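J.: Next come a sequence and a model predicted from it.
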Amino acid sequence: MTNLPEATQKKLGLVIDLDTCVGCHACVISCKGWNTENYGAPLSDQDPYGGAGSGTFLNRVHSYEAKPKDGPAQLVHFPKSCLHCEDAPCVTVCPTGASYKRVEDGIVLVNEDACIGCGLCAWACPYGAREMDAAEGVMKKCTLCVDRIYNENLPEVDREPTCVRTCPAGARHFGDLGDPDSDVSKLVAARGGFDLMPEMGTKPVNKYLPPRPKDQMVGEIDLLAPLLKPVAEETSGFMAWLDKTLEKI
């Protein structure tokens, strides 16, 4: 059994805005690319172009239709990866010490050389955030791109997880959630960020920002109506001639 640190100097993690995520899967693809080409063993695929293809991913996006109490149903895209929990059960259940939580920044990692592929950590994780690589026989999980965020050979703007760097909607944010004055902590406080499945007692570091209601109607006023009005009430020039010509057809 592996012991967790009593405290960590930082709590590096992600804040994911469910209001702005569009479900484009850019984070999934960039994560697969970076972690296949760089850190650790490649993330393998089995029969990727066949009828029963499967593969290993460190980040996945699930889509759900949610129906609030008041208002219409809306589609919510829900990205999910390792939450780097403070009380990570995947670490304490590991028989070889392959799974561990770093004292300096709180990131949960897997030492692939020590992993025996027993799968106990996957059973212990309540979020389904660990995946067994069928080709390598070792457990895989999000590393917060630890090989990027401390890489001084990269421009400073690139020293963040590749999913954050790639997101076209700006739905993913990275920082120290242990620092109440950090940008991510302020964002969580301002938007009512929440833990995923807090009842499990794992104290996930990653937070989610709730989606806003998607009402398009206020009373009986259609908010889109002004945008649907013609730019000009009366046409002139070529457009006027075209309108008259089309009316005769």
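T.: Thanks, I have it. Numbering: from 1, shown residues only.
J.: shouldn't residue 129 be in contact with residue 140?
T.: No: assessed by CB atoms under 8 Å, residue 129 is found out of contact with residue 140, at 10.0 Å. (Glycine included, C-beta is placed from N, CA and C.)
J.: So what's the gap between stretch 125-138 and the chain middle?
T.: Its chain's average C-alpha position is 17 Å from that of stretch 125-138, according to CA atoms, centre = their mean, to the nearest Å.
J.: mean confidence score for that stretch?
T.: The average pLDDT within stretch 125-138 is 94.
J.: Just the pLDDT for residue 1.
T.: pLDDT, residue 1: 66.
J.: From residue 174, how far off is residue 60?
T.: 18 Å (CB to CB, to the nearest Å).
J.: more neighbours, those two?
T.: Neighbour count, other CB atoms under 10 Å: between residue 60 and residue 174, residue 174 has more, with 21 against 16.
J.: Could you measure from the more buried one over to residue 91?
T.: Separation of residue 174 from residue 91 (CB to CB) stands at 21 Å.
J.: Return the helix or strand in the chain with minimum mean pLDDT.
T.: Ranked by mean pLDDT, DSSP states H and E, the helix or strand of the chain with the weakest confidence is strand 217-218, at a mean of 46.
J.: Was I right to think residue 195 contacts residue 207?
T.: Yes: here residue 195 reaches residue 207: they are 6.7 Å apart, a contact under CB under 8 Å.
J.: These two: which is more packed in?
T.: residue 207 (23 against 16).
J.: what about the residue lying closest to the more buried one once chain neighbours are set aside, how many neighbours?
T.: Distances taken as CB to CB, 6 or more residues apart in numbering place residue 193 nearest to residue 207, at 3.9 Å, with adjacent residues excluded. By other CB under 10 Å, 19 other residues sit near residue 193.
J.: and if you look at residue 102?
T.: Residue 102: 17 surrounding residues under other CB under 10 Å.
J.: show me the contacts for it.
T.: If you count contacts by CB atoms under 8 Å, 6 or more residues apart in numbering, residue 102 has them with 5, 8, 108-109.
J.: so how far is residue 36 from it?
T.: 23 Å.
J.: How about residue 71?
T.: 41 Å.
J.: More neighbours: those two, which one.
T.: Using other CB under 10 Å as the criterion, residue 71 and residue 36 rank with residue 36 on top: 17 against 12.
J.: Quick one: name whatever helix or strand follows the host helix or strand of the more buried one.
T.: Of the helices and strands defined by DSSP states H and E, residue 36 is found in helix 26-37. Later in the chain than helix 26-37, the nearest helix or strand by DSSP H and E is strand 45-46.
J.: what's that following strand packed up against?
T.: strand 54-55 (3 or more CB pairs under 8 Å, 6 or more residues apart in numbering; DSSP states H and E).
J.: Which positions within the helix or strand following the strand it packs on qualify as buried?
T.: For strand 54-55, the following helix or strand on the C-terminal side (DSSP H and E) is strand 59-66. Across strand 59-66, burial judged by 16 or more other CB atoms under 10 Å covers 59-61.
J.: distance between strand 59-66 and the chain's centre?
T.: A distance of 10 Å separates the centroid of the chain from that of strand 59-66, by CA atoms, centre = their mean.
J.: Strands of the chain, residue ranges please.
T.: In the chain, the segments counted as strands under DSSP state E are 12-17, 45-46, 54-55, 59-66, 74-81, 99-101, 108-110, 131-133, 138-140, 172-176, 207-209, 217-218, 221-222.
J.: from these, which stretch is densest packed?
T.: strand 12-17 (a mean of 25; mean count of other CB atoms under 10 Å).
J.: can you list contacts of that one?
T.: Outside strand 12-17, the residues that touch it by CB under 8 Å, 6+ apart are 79, 81, 83-84, 105-107, 144, 149, 161, 163-164, 170-177, 184, 187-188, 191, 193, 204-209.
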